[in-house]
Structures are given as C-alpha cells and as structure tokens.
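Participant: kindly return the folded structure for what I paste below:
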Amino acid sequence: MIELVVQKGSLVPADGRAQQALRDMRLGLGEIVHAKITQPRNPHFFRLAHQIGTLAKENISTFELLTSHQALKRLQYESGVQCEYMEMRIPHVGMVEVRVPKSIAFDKMDETAFRAMISALCSHIAETYWPDCTEKQIEQMAGAMVD
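Facilitator: Got it, this is the predicted structure:
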C-alpha cells in the first residue's frame, strides 16, 4: 500500500518511502493506473471493537467462554453486519443460508465501513441483550473499559 496525501485536485506521495515505491513501479508520465482509495483506520476504533467483544464476554452469559475476538465475530455473525452471505446445500436438509463474518483487519475494511460496523454491533447488543440501553450507551460502556 502506498500512502498518498490529498492536495487540491491531486494525490501526491505522503513521504520518501511512498515516492520510492512509486519509482519502483516504473510508471511513465501520463500512464493510467487503477487504485483503490481507502481512508486509514483509527487505532482507537480497532481497540473499541475488541472492547465490545470483551463487554459481551464479561456480561452476557452465552459469551463467557469465548475470547474477546470470538465474541466480536459472533456479534458480527448474529447481526449479519459485515458478513458475506452464501447458500449451501446440506444433505437431507436442503439449501441453507450461511453467514461468514468479514475480516476487520486494517487492510481489509476501511474506516467508513468499520465505524458503521461498530455502530451496528452496539445497536444489536442493545436490541438483543440489553433493551434498556441505547446503542450510544453500549459504545460508551465499551469505550470506558480499560484495555
């Protein structure tokens, strides 16, 4: 991944390392390239995601035997947030829809999608497990937890 800085009407290399990476590609002036532009993730929100998993593990009995990461994946699965959907044929049962949680790694999910996922997971916890709480209260509880 090559980091670029937004300037008026253009993207330029963020630093010497990015400049060298572009030189190494041996691109000619005027060549057209394809790029996927993503916004770097905020590490605070990545910690918050795992704190949400810890909050579930420590306060919801059906999560108590899971790691924080497993709890986070289970919340993704239950809510369907940031999941791939596919149908599978199971013998003697028929077609079954399967959800597979997407990776939340920094290089797999951009900041916008990640923030939306955090919000949706907090909403899912509030609706499913703690109906007296709001999405924001769940996020605040998780954010207040010590790493």
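
Participant: what's the domain layout of this structure?
Facilitator: For the chain, automatic domain parsing gives the domain ranges 1-37, 43-144.

Participant: how about the ones you listed in JSON lines, adding mean neighbour count?
Facilitator: The way it works is simple: take the backbone N, C-alpha and C, and place the C-beta from them, glycine included. Formatted as JSON lines, the domains of the chain follow (neighbours: other C-beta atoms under 10 Å):
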{"stretch": "domain 1-37", "mean neighbour count": "10"}
{"stretch": "domain 43-144", "mean neighbour count": "15"}
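
Participant: ranking those domains by mean pLDDT, which is last?
Facilitator: When the domains of the chain are compared by mean pLDDT, domain 1-37 comes last with a mean of 87.

Participant: quick one: end-to-end distance for it.
Facilitator: 10 Å (C-alpha to C-alpha, to the nearest Å).

Participant: now S79: closest residue in space that isn't a chain neighbour?
Facilitator: Nearest residue to S79, sequence neighbours excluded (C-beta to C-beta, 6 or more residues apart in numbering): H124, at 3.9 Å.
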